[in-house]
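A.B. asks: 3D, please:
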Amino acid sequence: MRPTAIMLLSPPLTLLLVYSAYGSDPVLSPQYQHRDPGSGQLRLCSMCPPGTHLAADCTGAAPTRCAPCPDDQFTALWNYLPYCLPCRNLCLEEDNQEVERECSPSGDRVCRCKEGHYGELCAPHSECGPGHGVRISGTSQRNTVCEECPLGYFSDSSSAVKPCRKHRACGPWDPIVLPGSRWHDASCLSCDGIKHRVGVENIRALLLQVFTGSMKRVKKLMNFVSRYIQAAEWEGEQCGVFAAREGGSLCDQFQTWLAQAPELQLRRLPEMLGAAHLKSLGERIKRKISSLDKLCR
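C.D. replies: Numbering: from 1, shown residues only. Here you go, the predicted model:
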């Protein structure tokens, strides 16, 4: 059955009704009313399909004449507009946007957030800090959802994509040198490795475990971090860039320093702790390192 004539309405409302009835199906030809200026007679003229606009109304001798949309303009619906609509502005990289669909004669340009960003403002996905992992990954519409690493799992870095990882399982010939925590993996080392030297990575893991297990001494640890971590220098670079400016906790700041400090500075940590009135903590670290040498004697 041929569609009934549509009453002459304002263009936006008419287009809305047309879209509801016809979508963009070129087989159907919706119509609009036009009064012939010469005869004063009302005529039913065919609308122009998407990608075109009205060039001339129909007459008694000729049908509606449509013209294609010029570059960077479009019409998405059946219409009798005298001109095409301008496509939206470019998707701006500085606004963390990229093109999802380029402008065409029958459709506007569509932007989306670049990977790693979300929402109307394309804000960056939040990172989950050390001891936390990604539970639900962020999308273009939703921010990252973090969770505290459960027992047996860890995360030793800040990330917007990485979940908590499971602690490694040490075998019978590779004893556990250091149990894992939610901030670091378990450390395994063969007897041969222990006899020859204590690897710097085992020292890092050991120091982190001792430090995080002593967080009740907040004031003294703050003094230590302020004195040595935020002001530490090696190879001409300041470690202080990782300090309160990043809003990190004491543990986060210590872990960041720990990951980059050279071995010589790590081995001086007991001495540094003693100078910060944490002598008992320094002695505990000495005993921990010494115990590694005794595992396979």
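
A.B. asks: ranges for the helices of the protein?
C.D. replies: Remark: helices assigned in the chain by DSSP state H are 11-22, 191-196, 200-212, 218-224, 250-260, 263-267, 269-275, 279-294.

A.B. asks: comparing those, which gets the lowest mean pLDDT score?
C.D. replies: Mean pLDDT per stretch puts helix 11-22 lowest among the helices of the chain, at a mean of 40.

A.B. asks: Tell me where the model's unsure across the stretch 1-150 of the chain.
C.D. replies: For the stretch 1-150 of the chain, applying pLDDT under 70 flags the ranges 1-28.

A.B. asks: so what are the domain limits for the protein?
C.D. replies: Here the domain parsing of the chain from automatic domain parsing is 11-84, 120-166, 168-294.

A.B. asks: how close does Tyr80 sit to Pro70?
C.D. replies: According to C-beta to C-beta, to the nearest Å, Tyr80 and Pro70 sit 18 Å apart. From N, CA and C alone the C-beta is placed, and that goes for glycine too.

A.B. asks: who has more neighbours, those two?
C.D. replies: Set Tyr80 next to Pro70 and count neighbours by other C-beta atoms under 10 Å: Tyr80 wins out with 23 against 12.

A.B. asks: and that one, what does it touch?
C.D. replies: By C-beta atoms under 8 Å, 6 or more residues apart in numbering, the contact set of Tyr80 is Pro11, Thr14, Tyr32, His34, Cys45, Met47, Cys48, Leu54, Asp57, Thr64.

A.B. asks: Repeat that for Ala55.
C.D. replies: Arg65, Cys66, Ala67.

A.B. asks: now with 10 Å?
C.D. replies: Ala55 makes contact with Cys48, Thr64, Arg65, Cys66, Ala67, Pro68, Pro82 under the criterion C-beta atoms under 10 Å, 6 or more residues apart in numbering.

A.B. asks: Could you do Ala123 as well?
C.D. replies: Asn96, Cys113, His117, Gly138, Asn143.

A.B. asks: so which of those residues is the most crowded?
C.D. replies: Neighbour max across those (other C-beta under 10 Å) = Cys113, 24 neighbours.
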